[in-house]
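Participant: Okay, structure incoming, though there's no sequence with it:
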């Protein structure tokens, strides 16, 4: 069991998904404070887990649900970290402190898990469809 978790966490495709999550969080953090780019911020926040899971499972279609759940949790945690960073930079946030950041992560978790599960299945299906066409 321990080998399974160690191999899963060092999986290069999972790392590609985590990089996608970090990029999405950075796009969200940069664009959320401006009225003109607020729609982009919302898309980045809610679509990042979907794209991250799709990227991870496209390159390796094994265990798509596991990768989706792992990346959904990472995306929710990223939302909490961005909220905490905003507060540290003096920006106005709805929920203050570490407890507020944990609340943001907890409230984001169901949406992130659902989006990443859909993305994992979609990436797996796309990978199989492209392999069949070759």
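Facilitator: Looks like it came in fine. Everything numeric here is computed off the predicted structure, so don't read it as measured data.
Participant: Just give me the neighbour total for residue 87.
Facilitator: 17 (other CB atoms under 10 Å). All C-beta atoms are positioned from the backbone trio N, CA, C, and that covers glycine.
Participant: Now for it: which residues touch it?
Facilitator: 93, 96-97, 100-101 (CB atoms under 8 Å, 6 or more residues apart in numbering).
Participant: For this structure, give me the ranges with low pLDDT.
Facilitator: For the chain, applying pLDDT under 70 flags the ranges 1-11, 33, 61, 93, 133-134.
Participant: Of the contacts of residue 87 - the most surrounded one?
Facilitator: When neighbours are taken as other CB under 10 Å, the top entry among these is residue 101 (22 neighbours).
Participant: buried stuff in the helix or strand that residue falls within?
Facilitator: Residue 101 belongs to helix 97-133 when assigned by DSSP states H and E. Buried residues in helix 97-133, counted by 16 or more other CB atoms under 10 Å: 100-101, 103-105, 108-109, 111-113, 115-124, 127.
Participant: quick one, helices of the protein?
Facilitator: 2-9, 12-31, 38-59, 64-88, 97-133 (DSSP state H).
Participant: Can you list the helices and strands that the longest one packs against?
Facilitator: Meaning helix 97-133. Applying 3 or more CB pairs under 8 Å, 6 or more residues apart in numbering; DSSP states H and E, one finds that helix 97-133 contacts helix 38-59, helix 64-88.
Participant: chain center to the shortest one, what's the gap?
Facilitator: So the one you mean is helix 38-59. 6 Å (CA atoms, centre = their mean, to the nearest Å).
Participant: Please work out the angle formed by the directions of it and helix 97-133.
Facilitator: Here the directions of helix 38-59 and helix 97-133 differ by 50 degrees (axes from the mean of the first three to the mean of the last three CA atoms, to 10 degrees).
Participant: Now do helix 38-59 against helix 64-88, angle only.
Facilitator: Counting by the same axes, to 10 degrees, helix 38-59 lies at 150 degrees to helix 64-88.
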